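Visitor: Structure for the following, please:
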Amino acid sequence: MDSQRQGSGLTVYYDGGCPLCRLEMDHYKRQSGAERLCFVDATSSSADLGGDLSRDTALSRFHVRDADGALVSGARGFVAVWAVLPRWRWAARIAGLPAVTPLLELAYRGFLPLRPWLARALWRRAR
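Guide: Sure thing, here's the model as predicted:
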C-alpha cells in the first residue's frame, strides 16, 4: 500500500500499470488531505483487494472502499475521494446535487473505452 489508512478510512484502488491512472492518483496523493487515503495499486501482486474485489474488476474501473468495507466504483468512487480532499470538496458538493453523480457516471462509462488509447498516447508523449 502506498500510504497508511487514517482519518477517513477510504482505500483507493487504481491501475498502476495505466499511465493516465497513475498520473491522476499521483495528483491526488500530492493534495492536502491525501494522508487520509490509502492508495492501493491493484497491479501489485501483493495488493490486498479484499475478498469481494477481484484483480480484473479492480483494474477495469475505479474503486474505493469506505471505512465500513463497502465498495463504491466509478463516479461515486471519485466523489468519495473528492469529499476527503479539501481542494476537491467543491466538486464533491456539485456531484451531490440531484442527477449530477448519475451524469458523471455516464461520462465515466463513456471514458472507459477510451482509457487504453489515451494511456498509450500519454505514454508515447512521455517517452
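Visitor: and the residue nearest to the spatial centre of the chain, backbone torsions?
Guide: For the chain, the residue nearest the mean C-alpha position is Phe62 (4.7 Å; Cα atoms, centre = their mean). With angles defined as degrees, to the nearest 10, Phe62 sits at phi -70, psi 130.
Visitor: just Leu10 next, same as before
Guide: On the backbone of Leu10 - angles per degrees, to the nearest 10 - the values are phi -90, psi 130.
Visitor: so what pLDDT did it get?
Guide: Listed pLDDT for Leu10 reads 96.
Visitor: List the contacts of the worst-scoring helix or strand of the chain on mean pLDDT.
Guide: Ranking every helix and strand in the chain by mean pLDDT, DSSP states H and E puts helix 115-126 at the bottom, with a mean of 75. Where contact means Cβ atoms under 8 Å, 6 or more residues apart in numbering, the residues beyond helix 115-126 that reach it are 18-21, 23. Backbone N, C-alpha and C define where each C-beta goes, glycine included.
Visitor: Make a PyMOL selection of the buried ones in those residues.
Guide: Applied in PyMOL, the following selects the buried portion of those according to 16 or more other Cβ atoms under 10 Å:
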select buried, resi 18+19+20+21
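Visitor: Could you dump the contacts of helix 115-126 into a markdown table and include secondary structure?
Guide: Output for the contacts of helix 115-126, formatted as a markdown table (DSSP: H, G, I helix; E, B strand; the rest coil):
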| residue | secondary structure |
| --- | --- |
| Cys18 | coil |
| Pro19 | helix |
| Leu20 | helix |
| Cys21 | helix |
| Leu23 | helix |
